[in-house]
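K.L.:
Model the structure of this input:
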Amino acid sequence: MRSNTPLAILTLTQEALAAPDLPSGVTPTLSHLVQHTAAVGSAYFQAQTREVLGYHVRAASGQMPDTPGMNAIAAHGLPVDTPLMRALEHSTVPLFIDDTAASPEGAGFYELGVRSVAAAPVRQERGQLIGAFLMHTFEPHRWTDDEAMLFGMVSGTIAALAGRLSAQEEAQRARESALRSLGLALEARDRETQGHTDRVTALALRMAERLQLPMEECEALRWGAYLHDIGKLAVPDAVLLKPGPLTPPEWHTMQLHVLDGHRFAQALSFLPPEALAVITDHHERWNGEGYPTGKAGRDISLGGRIFALCDVYDALVSHRPYKVAWTSQEALAELRAQAGQHFDPDLVQEFLAMVEETGHERL
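P.N.:
Here you go, the predicted structure:
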């Protein structure tokens with residue numbers, strides 16, 4: 001099939017620019033290549049680490065070889081010393097191999113079941129190879145001038161965007177790691193049960209998945225969960241680590257950690273309002289008797305309501321210096337009793353159903 005290449009590039013570029021992540025940004029390009037060339041399949045391979053230990057499939061379209069070697073690549077990646085990838089390290093243009101059985105650069109692909117392949121490099125701004133667009137056939141094929149032009153123009157344009165999306169992903173991973181590390185550091189200072197931050201975050205995300213929340217809301221919930229108690233940085237050790245009951249003034253000081261947490265988190269300019277809401281709302285109660293503002297019902301953010309439920313559950317089933325760990329059944333009975341009081345009753349029902357479906361031991 002012939003392609004109106006300029007219009008195709010414009011459309012594919014618009015889709016890539018609007019994509020929320022790298023796979024969804026490059027998949028339309030892969031599909032376009034399969035539709036408008038002899039290729040039966042196409043894939044985008046990307047290095048997973050800065051050391052480039054291998055290239056892993058991030059997106060694919062069409063048919064992939066059904067061979068043990070291809071299954072191994074799908075699981076472990078394309079080795080960095082693959083001749084084709086080595087050749088791409090020194091090439092500024094796409095490479096076209098009509099018969100992998102007769103080409104040194106195609107070594108290894110014949111055993112995978114690929115007989116012809118085209119490959120275009122994807123680089124970082126400083127020139128390092130970070131991935132490649134590949135398209136292939138299962139029989140020897142002489143790539144035509146039209147196919148070469150389409151592959152070169154389309155992959156070349158989207159390659160720059162793939163590099164940008166890859167850089168964004170790396171920055172996102174760095175943010176994610178920093179926020180989680182901060183949450184774990186706060187957990188250690190507060191003498192929380194080890195793993196509380198990760199457990200309660202995972203629980204909240206499972207609830208979000210169950211409720212089919214959009215990806216950006218799940219991300220905000222995760223970030224808010226990491227930082228929910230960041231305000232305890234401002235709580236004196238004499239109050240935070242006191243083994244016995246707090247006096248009224250001490251309890252007031254403890255409650256201020258929510259407002260301090262909001263203030264601290266606002267300094268992280270990339271945090272969305274939904275993440276800040278988790279921090280400010282996770283001690284509010286459905287009946288309006290929580291703190292810091294006494295919000296009630298659906299005036300409490302959804303993220304705050306979800307996280308509060310998961311946070312209390314994990315606290316109940318965990319051993320603390322001032323309490324023994326409850327059984328899961330005991331904790332669920334308490335959540336049920338607090339539905340409509342402390343917690344959103346609809347969310348409690350969803351939580352109970354989630355436990356019923358997955359089993360107590362998997363929480």
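
K.L.:
P79: neighbour count?
P.N.:
Residues lying near P79 (other CB atoms under 10 Å) number 13. For glycine as for every other residue, the C-beta is placed from the backbone atoms N, C-alpha and C.

K.L.:
now the helices for the stretch 201-350 of the chain?
P.N.:
215-226, 237-240, 248-255, 257-266, 273-281, 302-317, 328-337, 345-358 (DSSP state H, counting those that start in this stretch).

K.L.:
Extract the CA atoms of the shortest one and return them as PDB.
P.N.:
As requested, C-alpha coordinates have been extracted for helix 237-240 and formatted as PDB (Å, rounded to 0.1, in the frame of the first residue of the first chain):
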ATOM      1  CA  ASP A 237      11.100  14.100  68.300                       C
ATOM      2  CA  ALA A 238       9.700  14.500  71.800                       C
ATOM      3  CA  VAL A 239       6.200  14.500  70.300                       C
ATOM      4  CA  LEU A 240       6.700  12.200  67.300                       C
END
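
K.L.:
In it, which residues are buried?
P.N.:
Buried residues in helix 237-240, counted by 16 or more other CB atoms under 10 Å: V239, L240.

K.L.:
Would you mind pulling up the elements that that helix packs against?
P.N.:
In terms of contacts (3 or more CB pairs under 8 Å, 6 or more residues apart in numbering; DSSP states H and E), helix 237-240 is packed against helix 248-255.

K.L.:
Show the average pLDDT along the helix it packs on.
P.N.:
Mean pLDDT, computed over helix 248-255, is 92.

K.L.:
that older thread, which of the helices of the stretch 201-350 of the chain sits closest to E176?
P.N.:
Nearest of these to E176, taken as CB to CB: helix 215-226 at 8.0 Å.

K.L.:
now for that closest one, which elements pack on it?
P.N.:
Counting by 3+ CB pairs under 8 Å, 6+ apart, helix 215-226 packs on helix 145-189, helix 196-210, helix 273-281, helix 302-317.

K.L.:
Would you map out the domains in this protein?
P.N.:
Domain assignment for the chain by automatic domain parsing gives 5-168, 190-362.

K.L.:
now those domains as CSV including distance to A174?
P.N.:
Formatted as CSV, the domains of the chain follow (distance: least, CB to CB, whole Å):
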stretch, distance to A174
domain 5-168, 11
domain 190-362, 11
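
K.L.:
Quick check: which ranges of the stretch 51-200 of the chain have low pLDDT?
P.N.:
Residue ranges of the stretch 51-200 of the chain with pLDDT under 70: 51-52, 125, 159-171, 188-194.

K.L.:
ah, wrong one, I meant the stretch 201-350 of the chain
P.N.:
Scanning the stretch 201-350 of the chain for pLDDT under 70 picks out the ranges 321-322.

K.L.:
okay if I get the helices and strands packed on helix 215-226 as TSV plus distance to H136 and mean neighbour count?
P.N.:
As requested, the helices and strands packed on helix 215-226 are arranged in TSV below (distance: least, CB to CB, whole Å; neighbours: other CB atoms under 10 Å):
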stretch	distance to H136	mean neighbour count
helix 145-189	12	17
helix 196-210	35	20
helix 273-281	42	23
helix 302-317	44	23
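
K.L.:
Output these as JSON lines; include the columns distance to A220.
P.N.:
What follows is these, written out as JSON lines (distance: least, CB to CB, whole Å):
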{"stretch": "helix 145-189", "distance to A220": "12"}
{"stretch": "helix 196-210", "distance to A220": "10"}
{"stretch": "helix 273-281", "distance to A220": "4"}
{"stretch": "helix 302-317", "distance to A220": "6"}
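
K.L.:
So which of those is nearest W251?
P.N.:
Of all the helices and strands packed on helix 215-226, helix 302-317 comes closest under CB to CB, at 17.0 Å.

K.L.:
now for the helices of the stretch 201-350 of the chain, which one comes closest to T27?
P.N.:
Closest to T27 of the helices of the stretch 201-350 of the chain is helix 215-226 (CB to CB; 15.7 Å).

K.L.:
Any buried residues in the closest one, and which?
P.N.:
Using 16+ other CB under 10 Å as the test for burial, helix 215-226 gives E217, C218, E219, A220, L221, R222, W223, G224, A225, Y226.
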